[in-house]
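Participant: Curious how this folds, go ahead:
(one chain, ligands or ions: 2)
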Amino acid sequence: MRKDNILTAIKRLVLFGMLVAGINPSFAAQTFQSNEMGLSKESVFNIPTPPVYHYGNTPPGASKVMPRAYLNAPPQVPHDISSFLPITTLSNACVACHSQRELWGKKREPATPTPIPPSHYTDLRKTPAKVGDSLVNARFNCNQCHVPQTNARPLVENTFSGKRK
Ligand code: HEC
Ligand code: HEC
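Facilitator: Residues are numbered from 1 along each chain as shown. Ligands and ions are numbered 1, 2, ... in the order given. A predicted model of the protein is given here:
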């Protein structure tokens, strides 16, 4: 056999092997550009400086509560919280304003902190049917679930409506 023929035979064998293994030879040849590999429009090898985002600076009492994302979603924080952070064991300004059990079941008045709801006084693991006297520690770090919003634009369109079809 001549050298060319041997090479052609090897190529055929490799292609046959790929087909048997389920690998599409045309796919194997497909390449991606470095700017097609992520959500970023840039090459994945670039390290762009992230844009600076701003949180609102409306103080509590002057903001408007935001619509819930879906039923039972934690409401987003509509006001500035920069001077209340970090939340520590010794200092939790959120509780100071929002712990208002006497407002449970009453009509909401403007510029009044929404009271921390009964669910946050309920130990869902041990005594799920009993509303306790004090805030359950699992709810102490409010910003774990309640977050303020920035002016960041979503990277991808979000069509979630939160409503059942
Ligand atoms: C000085 C009092 C005060 C402090 C401190 C405070 N809030 Fe508020 N908060 C308010 C008031 C008043 C409102 C109602 C909206 C308004 O009038 O600005 C509110 C609204 C909210 C809402 C929206 C509730 C709803 O019904 O949708 C959330 C969530 C919230 N605050 C979370 C927090 C968190 C988390 C912290 C701590 C990081 C905090 N707040 C600190 C007074 C306060
Ligand atoms: C583990 C998550 C979690 C943590 C931590 C948490 N919350 Fe919530 N919060 C929720 C969810 C979920 C809801 C909506 C369902 C409900 O009312 O229980 C809610 C509702 C609320 C509401 C709205 C009540 C109403 O009647 O509309 C307020 C106000 C609130 N939380 C304040 C706080 C504050 C202040 C803290 C910190 C002391 C806190 N939450 C910690 C999850 C959390």
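Participant: got the domain boundaries for the protein?
Facilitator: 1-29, 55-152 (automatic domain parsing).
Participant: low pLDDT regions in this protein?
Facilitator: Filtered on pLDDT under 70, the chain yields the residue ranges 1-2, 7, 14-29, 164-165.
Participant: All the helices of it, in order from the start?
Facilitator: Per DSSP state H, the chain carries helices over the ranges 3-20, 25-28, 93-98.
Participant: near ligand 2, which residues of the protein?
Facilitator: Residues of the chain found near ligand 2 (CB under 6 Å from any ligand atom) are 72, 74-75, 94-95, 98, 114, 116-117, 119-120, 135, 139-142, 144-146. C-beta coordinates here come from the backbone N, C-alpha and C atoms, glycine included.
Participant: and ligand 1, which of these reach it?
Facilitator: Filtering those for proximity to ligand 1 by CB under 6 Å from any ligand atom leaves 75, 94, 98, 114, 142, 146.
Participant: which residues touch the third one?
Facilitator: Contacts for residue 98 were tallied using CB atoms under 8 Å, 6 or more residues apart in numbering; they are 113-116.
Participant: Make JSON lines out of the residues you listed and add neighbour count.
Facilitator: Shown next, in JSON lines, are these (neighbours: other CB atoms under 10 Å):
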{"residue": "113", "neighbour count": "15"}
{"residue": "114", "neighbour count": "13"}
{"residue": "115", "neighbour count": "18"}
{"residue": "116", "neighbour count": "20"}
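Participant: how far away is residue 110 from ligand 2?
Facilitator: 15 Å (CB to the nearest ligand atom, to the nearest Å).
Participant: typo on my end, it should be residue 128
Facilitator: Using CB to the nearest ligand atom, residue 128 is found at 13 Å from ligand 2.
Participant: just checking, that residue touches residue 119?
Facilitator: No. Counting by CB atoms under 8 Å, residue 128 does not reach residue 119; the two are 10.0 Å apart.
Participant: Of the two, which one has the most company?
Facilitator: Legend: neighbour count by other CB atoms under 10 Å for residue 128 and residue 119, higher for residue 119 (11 against 8).
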